[in-house]
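Novice: Sequence and predicted model, in that order:
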Amino acid sequence: MRIAKLDGLNVHYTDEGDPNGAPIVFANSLGTDLRLWDDLVPLLPAGLRIIRYDKRGHGLTDTTPGPYSMGTLVRDAEMLLDHLGVKDALFVGLSIGGMIAQGLAVKRLDLVRALVISNSAAKIGTADMWAERVRATREDGIESMADAVLQRWFGKAFRETDAFAGWRNMLINQSVEGYAGCCSAISGTDFYTPTSGLRLPLLGIAGSEDGSTPPDLVRETIDLVPGSRFELIRGAGHLPCAEKPEEYARILNTFIKETGHV
Ligand SMILES: O=C(O)CC1=CCC(=O)O1
């Protein structure tokens with residue numbers, strides 16, 4: 001098990017593949033841990049250094065008292081990459097992970113040479129929506145919202161597979177404080193202006209059945225950056241890397257090659 005102690009925070013991460021390869025970093029969504037990418041990683045091209053991590057309040061990373069700010073989550077990612085000596089990474093962020101990706105690219109362009117913003121946007125939801133999510137999380141528990149969240153995460157066919165129970169368990173077993181803390185970070189984030197200023201290779205990925213960040217919302221953010229590309233995965237919900245890993249890999253691997261990352 002790999003833990004990096006970053007300014008007192010124990011951050012759980014994995015560092016796989018070729019240690020001298022071009023780095024690719026994955027940041028996961030609200031309510032998931034780094035296993036989000038388990039089915040995708042074996043489909044990536046050889047020669048990459050593949051880094052995944054559990055963000056604050058999720059998985060095996062420490063939970064600190066919330067609410068969190070997006071600045072704190074971006075700083076955690078920044079400290080991890082500095083700790084690992086990573087520069088010029090291809091950074092893949094899904095949902096809140098895609099917000100962290102935008103914030104990191106704006107703050108430390110030396111760390112990020114290309115971005116994948118998956119099922120994410122410059123701004124997600126409204127302050128009222130996130131305040132209600134924080135209230136429900138704290139007062140009724142994550143499980144009280146699980147069915148609604150999972151409907152947005154996956155299409156109907158996937159919800160009938162055996163694997164679905166594992167995703168439900170991943171969601172309901174996250175820390176209440178960590179989950180609520182990250183809801184507050186999303187609520188306070190509007191990267192519309194800073195992301196508009198980014199000039200780097202950018203790929204957007206959306207799922208046609210995504211009830212959290214619908215395709216039009218993702219596309220609006222991707223279109224802020226000249227030269228960016230947008231791909232839609234049909235029949236997939238909010239977590240297409242888990243629901244349709246082969247299709248996700250085909251799109252991501254094309255981008256990896258186009259940007260000369262391997
Ligand atoms: O829980 C959801 O609705 C999906 C989601 C929104 C932001 C995020 O990271 O996940």
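Specialist: Received, thanks. A quick note: this is a predicted structure, and the numbers were derived from the prediction, not measured.

Novice: Now do Glu139: how many residues are near it, please.
Specialist: A count of neighbours around Glu139, defined by other CB atoms under 10 Å, yields 9. Where C-beta positions appear, they are placed from N, C-alpha and C, glycine not excepted.

Novice: for Pro67, same thing?
Specialist: Per other CB under 10 Å, the neighbour tally for Pro67 reads 16.

Novice: Tell me who's in contact with Thr124.
Specialist: One thing to correct before we go on: residue 124 is Ile, not Thr. Applying CB atoms under 8 Å, 6 or more residues apart in numbering, we find Ile124 in contact with Ser95, Ile96, Met99, Ile186, Thr189, Ser212, Thr213, Leu217.

Novice: Let's see which of those end up in helices.
Specialist: Ile96, Met99, Ile186, Leu217 (DSSP state H).

Novice: which of the residues you listed come close to the ligand?
Specialist: Ile96, Ile186 (CB under 6 Å from any ligand atom).

Novice: Show me which pair in the ones in helices among the contacts of Ile124 is furthest apart.
Specialist: Ile96 and Leu217 (14.1 Å; CB to CB).

Novice: If you count surrounding residues, which of those two has more?
Specialist: Looking at Ile96 and Leu217 with other CB under 10 Å, you find the greater number of neighbours at Ile96, namely 25 against 18.

Novice: nearest residue to the more buried one other than its sequence neighbours?
Specialist: Nearest non-adjacent residue to Ile96, counting by CB to CB, 6 or more residues apart in numbering: Leu30, 4.9 Å away.

Novice: coming back round to it: okay if I get the contacts of Ile124 as TSV plus pLDDT and distance to Gly155?
Specialist: Formatted as TSV, these follow (pLDDT from 0 to 100; distance: CB to CB, whole Å):
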residue	pLDDT	distance to Gly155
Ser95	98	16
Ile96	98	21
Met99	98	24
Ile186	98	23
Thr189	98	27
Ser212	96	13
Thr213	98	15
Leu217	98	18
